[in-house]
Structure formats: C-alpha cells, structure tokens
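**Student:** prediction below, plus the sequence it came from.
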Number of protein chains: 2
Amino acid sequence: MAPHQPTTPQSATKSSSPSSEQPIALTLGVLGVGGIGKEFLFQLTESHVLEGKIAIAFIANSRKEIRFKTPFVPSEHNRELLETLFDGTNDLAIWAKNLYEVLHVELDIVTCSSLLERQRIVLDDVSPSLSDDSNNQDISDALTKESLGAGNTITTKPWKKGRYCIVDMTSSDEIAELYHVFLALGVHIVTPNKKCNSGPTARDQKCRGLSSMSWSTASWFYEATIGAGLPIISTLRNLTSSGDEVYQIKGVFSGTMSYLFNTFDGSTPFSEVVKTAKKLGYTEPDAREDLNGQDVARKVVIAARESGWLDASIEKTSIESLVPEELRACSSEEFDDKFGKLYDTVIAQKFADAKKRGNVLRFCGSADLRTKELKVELMEFPMSHAFANLQGSQNVVEIESKRYNPTDSCCLTISGPGAGAAVTAGGVLGDVAKLVARLGDVEVLV
Amino acid sequence: MAPHQPTTPQSATKSSSPSSEQPIALTLGVLGVGGIGKEFLFQLTESHVLEGKIAIAFIANSRKEIRFKTPFVPSEHNRELLETLFDGTNDLAIWAKNLYEVLHVELDIVTCSSLLERQRIVLDDVSPSLSDDSNNQDISDALTKESLGAGNTITTKPWKKGRYCIVDMTSSDEIAELYHVFLALGVHIVTPNKKCNSGPTARDQKCRGLSSMSWSTASWFYEATIGAGLPIISTLRNLTSSGDEVYQIKGVFSGTMSYLFNTFDGSTPFSEVVKTAKKLGYTEPDAREDLNGQDVARKVVIAARESGWLDASIEKTSIESLVPEELRACSSEEFDDKFGKLYDTVIAQKFADAKKRGNVLRFCGSADLRTKELKVELMEFPMSHAFANLQGSQNVVEIESKRYNPTDSCCLTISGPGAGAAVTAGGVLGDVAKLVARLGDVEVLV
C-alpha cells in the first residue's frame, strides 16, 4: 500500500534555522521500526529540550537499512509529516523513498545480509565525521580480535567517544549479543529490549561493567524494560546508588495480565476475556506468551539485578504458568480452541475462593532480596490493597527498602500505564534525554 | 550534654585503603546540620556507589562552621561512629572536637559573622588544591562587580569547575539568595530547600538558566523539595525533556496534612488530632505553618515550574487555609487554645457532608497547566480513589499528561512516605549520586 500524499516540504519544516547552526549532541542508529520505533521517531520531533541536538545516522529493521548521508534531524520536521510518510507501510524502502522526495534528505538504502554486516556498516557510517581521538584504539583492536573472531572485520578507526548511540527497538537476542561490542567501542545503548538485562548473567554483567564502571565511556539505559515510561529502573538505581538497601520488589508488571484480571469478574469465562483482549491487541498474537509468565519473570529478574542481586535469573524464578501443561507444545489455534475447556473452571474456582475471603486475584511478580526468592504467581489481595484497585492495563510496582519500610509507614509505590507505544517510546526518549544531559556537561567541563 | 564515649579509631575505619588512592569526584560543603543534615552525613558512609568519591570540605550551621584541613571522607568511617559523635548535641564545636580526637581529622572551627563572610571562606577553602582553569574568570569578575557589590569581595581565583557542590540543608532564604553566585562560579547545588525553586520567579529563572542551559557548568538538583525521596521532580523533568506535555499535577503533598486527614474520622475533635500530631513531632512547632497551606502551595509551584510553567508562583495560587481568620496573627499558645472552639464544628460538618456522599476529605494541591490554575484546598474523594487509601503521613502525586492521560487508561501515580529524615536525606543523596554519575563521564570523555 502506497503512503498518502505527503505535505509539501515548505510546510514540513518547523524551524527556519538550518541544523548546521546547532551542535548535534548525539547521533543515533535506530534498530527496529515497529510501533514503538516509529512513535520514538515522532516524539523526537516534539522535544524542546532535545531540539536540534539529535541526528539519526541510520534506521534499520531485520530486512532493510536506511543510511542518511545528510544526518536526519527529526526535530526539524513535524510529526504529521513523518506520520504521513510512515502511514500504511512498514516498508523502510518506501518510507525512505518518500523521505528523500519530500525532505530532500540524501540517503542510501541497504539490504543487510546479517546483523554483524550491518554493525560494520554502522561503524563505517559514523566515522567519516570524526575528529582524532585514539584513546580507544586498544579496545577496538582487542574487540576485533577477541569478540568478533578472525572472520569478521570491524572498523578500527579512532572514535570520538560518547557521541553515538544505538537505540535498540527490537526484542532480538542477536542484537543483545552485540551490546558489549557497542559499549566497548564507546557507543551508548538505549533500549526497551529485555533480552540482555534479563538474559544470561555473564553477558549482562559484561555489559554492566562496560557501562557503569568509573572508566566507562558508554552508558546503557533501559528504563522502558519495566513499566514502559514509568520511573522504575531509575528509582531503583537512585535508591541503591544513594546507599539504600532494597528488600523487596513486588508488582503487577504485565499490562496484558493486569487487563485480564482487572476485567475478569467471574461473569464471563476467563477464556472469553482472553479472546476479547486478543481482539483488542492487548495480548501477543499467541496469548500463551503472556499467560506463561515468562514476560513477568524477565521483569522480576531485571528489577532484582537493578537492586544489586546481580545473579538473579529466570532459571532461579519460580513461575506459575496459566497455560495448562497439555497445551504448552500445541499450535496456537489448538490452544485457542482448548484453553477454555481446560482452564475456565479452574480459574473460576480460584476466583470464587478468593471472593469468599473478600479478595481479588492479581498476577504478580516478586523479588525478595533477603530470602533470595524470585516468584511469578497468581496472588490474592484484599480490596483495600493498591494492587486491587488497578484500572485497564495499569502496572504497579511496590518497593520495600531500608528507607521505604512498611513497618515505619509504607513502601514506595509507582503505578500507571506500563505498556503502549506512546509511553514506551517516551521511556526510551527519556533515557536519550538523560544521556544528552550528561553529555551536555562534557563539552564545558573538559 | 557531652557526647558518648566514641569507639576507638581502629574500629572506626571501615576500609584499610587510604583515601588518597581514590580520586575524589566531588567535594561538598554542607550547610545546616539538623536532623536531615546529620542523616545525610550518616548515609554517605553507606553508599557503595559513592564510596571514596565524596569528601566534605566544610560543615556549617548559622552559628558555626567546621573547615577540614584534611578532607573528610565519610565512607571511610562507619555510621555508628558518626552517630556517637553527633549524639546528644547539635553543637558543631563539640562534634568537631570529638571528630578531631577520634578520627584525627585536622580541622578549624570558625564562627562566621555573616553568610557572605562564610561564602568567602568556602571559596578560599577549596581553591588551594585547584589546577589552572581560567575559562571562568569572566564570570567570576562579573559576579564580583555586579552581584556582590563593591563592599563585598569574593575570591576570583580560577576554578576547577564541576568538582564542588553546596548541599544546602537549611530552609534559609538568605542561602537561596546565594545560589546564583554558586552556580555562576561552577559550584553545583543539591538541596531540599524550597525557598529558591518556589520563590521569586526572577531569582528562580536566573538559577534555572545558570544550571540548565547547554553552556552551564553547574547543576542544581532539588528532588527532595517535593515528596522527600519520592521520584517526583525527576519524573516531571524526564517527561518534559522527552517531549511529553504535562496537563495537570495533583497530590497530597504534605506528610502532616496527610496524617491529619488519614487519622481524622469524626470520632475525635479535629483539634485533638492536631494536638496528637504535634506531640508526635509530625507538625511544625506552630501547627499553623502546616494548616495554612503555604507548604503545599510551595510544592505545587515547584511542580508547575518543573513542568514548564515557569512563572507559576505562590501569589497566583488560590490557597484554602484551615487557620481561621481570627487566629492568623495571634500567638502560638492562643492559637492552640482557641483553634478547637473556632474550627472543630466547621470541619466536623465538612466531614459529615462528605461521608454522606460516600467520600473522604483530603488536603490537596493541584496545578492545571491548561487552565493555568494553582490551587490548595480541602477536597472530597470517593473511597475507590488512590488519594482515599493513604496511610500515615504518605504523600501521593498524580501526573496527567499527553501520554499519561486518564481517558486512555490512567495517570502516572507515585506514592510513599514523603517526609522524614531518612527518606529526605536519601533524596538529597540520590541527587549527589546523579551528579557524581555525570561527572564520572567527564574525566574519560575529555
């Protein structure tokens, strides 16, 4: 489907001042342009704080890549124009063609054969504009030899560290596998992708080391991996960095599961509620990916690691899956067909039992850092509890710590929409803004 | 009263490595050593992230100042020792004497004649260790002439920018008056003091400009001015910097007022609840300072400014004071005596009326950025509302924005203890940790 006729270039440009007047603080490579990736690009047009400070070097998905010869400064264009260009197509090639015609942004369209190949292009692409800075030569050399193996070459030109950032909007484990390469090269990473910070501990800790030590040149921000734009990661980081001790994190971490249990009132079979949610686009195409608790487990692991329990892992998490044993390996269609028969009475009974006790059911995740327990389970809460009073697909996270201790008064609680393109992209953009704020100091403080 | 016998120097030292091995990232001057100031010093001993990175150049209150010839590194000592030294005295001179005897920290005890005089000492004190950096000479010169007047001299030695920070733990307007001097000199400010960011707009904007522009060399952090350690300022800043548009902020911003209305159930006269709260230390010595709504108004103004409404002010705020007209000018004793007679039936009636409608009373502040309304008032909420289910002295803040829109799903809500020495000092220390994280990049990114 062809995109709509875009508006004219004249009306598209918000500001009359050319981008060359402003120094670009950060050049981004955006990986993944699904709903959240597009929304991220749109939101970049609207941030006054970031206006003129961000340029896009390339945008890629798993099939195509657009490289911009002229750096693309999103804030110089308006959201409506970008929306028009993207409208009705997820095809980067068509979008790029329109972008070129309307904005006169010079670009290349490259079909990448592999992620590493694309990685090579990324590095090539940003290096021509670099000034001399050879401090990182050793790291680059080491990476070429050790991490990439003899078969893969990687540009070892010197880098101007701290000015490039990969925004990983995919949920790809293969991209997560490259994080340590980016970080070691001084390329920042901002991402809502949970694969690295909930994945293998060795890989996570390598990236943590490369991004958080005093000698680190690159930052790794991932606020949007829990609760989309809700300030959960930054709050945990703030508590631990200021010497507080996190005892427990407990929450409704999944927008989908929140919706299901906020909606299910025993009057309609549970499987019908799941079907409605699926129709509304609230569940994954295969609803088992929500019901099996894996997504919640990932978030619990992330929260635990962020609180200082570095070897927390999904393997150590006790997970109550709502997918009956018999339906775990079958096709998605067979699951849809049989789920109600196998599970509706089970869950109706649980609901009725909880109701008898004046309680409601919520699908929760928790990390107890004192007893070293990671759990994902269906729990009961009294009506007066914050978790009982959720609406829609709201997330809620309760942090108990040395300072935020319920015996004194109460926990620190954060709630709000924890899913959706606007708030997730907003969370990612918030991280980019923090990065720019940090970098802003650099030029002056040198 | 003399402090307890402190523990021996040997047991006091946590780490065997001398401080000289670690580079100090930030040197602090601490103003005000009341409950929060002391707790801040104690917490500094416990942060692993900040371990060995922070040194204290001086500690001062309105009467005395301790200057450390040997920079005092709190994380090298344990909390218990510092507590023992401070125990039973608010007298800096006694504390300093014990500190010298136990830790062998060399120090001077200076009695300052005025704040500006102290300010001069601050600058002298940190300058000997400075390397050459004359970029800021112009600003210093300008300040000497313009801001301070001919009668007051200020050191104009070149500064190593970005390495000094004033932690203002006072609630002094005179100190707030000096913020622009500190900031212009490249000295960061971290504070829970509300006087500047809720005070005169011209002064606030001068400090905002000096701390937030791309050319700024100093940061001004004040997370703890709203909700103590709750992440409210940082969340608002994150939303606006990433291009979200804040529509409304509404909350129970005062721990004292929260306690009063969470406790008042109509069975005991309201004035009795106030007296109990006063006995528990929950109110100011003169409870009118809580009941008159000024504290809430300050927080509403801070939240509004942080959301981009820069000329929000207390003067523009409609404030419902719970102090009867007749008792506003009398003595504190006369107020205590007459408050019940004049107000108990009024509030009992309001409570009964709300109850009839199934509602409860809460003392709220709100800033509506669309209608440009700032309000502090007693409001009614249904039992299902988050504001109705508060405990103790809990604060709650609800942010409505373009992204966090209740018509879609719901607001972003943050709640938890919003007062108390531990969480307030934690909020201040969180800001210091953020500053160190920013500065951490600098050395490597040069």
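**Tutor:** Noted; the coordinates are in hand. Just so you know, these numbers come straight off a predicted model, no measurement behind them.

**Student:** which segments of chain A make up each domain?
**Tutor:** Domain assignment of chain A by automatic domain parsing yields the ranges A:9-228+A:423-445, A:233-417.

**Student:** show me what from the stretch 1-150 of chain A comes close to chain B.
**Tutor:** A:43-50 (Cβ under 8 Å from any Cβ of the partner chain). Where C-beta positions appear, they are placed from N, C-alpha and C, glycine not excepted.

**Student:** now with 7 Å?
**Tutor:** A:43, A:46-47, A:49 (Cβ under 7 Å from any Cβ of the partner chain).

**Student:** would you pull up the residue in the stretch 251-400 of chain A closest to chain B?
**Tutor:** Closest approach between the stretch 251-400 of chain A and chain B, counting by Cβ to the nearest Cβ: residue A:392, at 4.1 Å.

**Student:** in chain A, which residue is most central in space?
**Tutor:** Nearest to the mean C-alpha position of chain A, by Cα atoms, centre = their mean, lies residue A:192 at 0.7 Å.

**Student:** ok, now which ones touch the closest residue to it other than its chain neighbours?
**Tutor:** In this structure, residue A:192 finds its nearest non-sequential neighbour in residue A:224, 3.6 Å apart by Cβ to Cβ, 6 or more residues apart in numbering or on different chains. Residue A:224 makes contacts with A:192, A:424, A:427-428, as judged by Cβ atoms under 7 Å, 6 or more residues apart in numbering or on different chains.

**Student:** what do you get for residue A:435?
**Tutor:** Residues near residue A:435 by Cβ under 7 Å, 6+ apart: A:26, A:165, A:188, A:190, A:219, A:221.

**Student:** next: residue A:43.
**Tutor:** By Cβ under 7 Å, 6+ apart, the neighbours of residue A:43 are A:425-426, A:429, B:242-243.

**Student:** tell me how many other residues surround the closest residue to chain B within the stretch 201-350 of chain A.
**Tutor:** When scored by Cβ to the nearest Cβ, the stretch 201-350 of chain A has residue A:243 as its residue closest to chain B, at 3.4 Å. As a burial measure, residue A:243 scores 25 neighbours (other Cβ atoms under 10 Å in any protein chain shown).

**Student:** per-residue pLDDT, it?
**Tutor:** With respect to pLDDT, residue A:243 scores 90.

**Student:** could you count how many residues lie near the residue lying closest to it once chain neighbours are set aside?
**Tutor:** Excluding its sequence neighbours, the residue lying closest to residue A:243 (Cβ to Cβ, 6+ apart) is residue B:47, at 3.4 Å. For residue B:47, the number of neighbouring residues by other Cβ under 10 Å comes to 23.

**Student:** okay, and residue B:47 sits in which element?
**Tutor:** Following DSSP states H and E, there is no helix or strand that holds residue B:47.

**Student:** check contacts around it.
**Tutor:** A:241-243, B:75, B:429, B:433.

**Student:** ok, and the most crowded of these?
**Tutor:** residue B:429 (31 neighbours).

**Student:** per-residue confidence at that one?
**Tutor:** 96.

**Student:** OK, contacts around it?
**Tutor:** A:242-243, B:40, B:43-44, B:47.

**Student:** among those, name the ones in helices.
**Tutor:** B:40, B:43-44 (DSSP state H).

**Student:** noted, bye for now.
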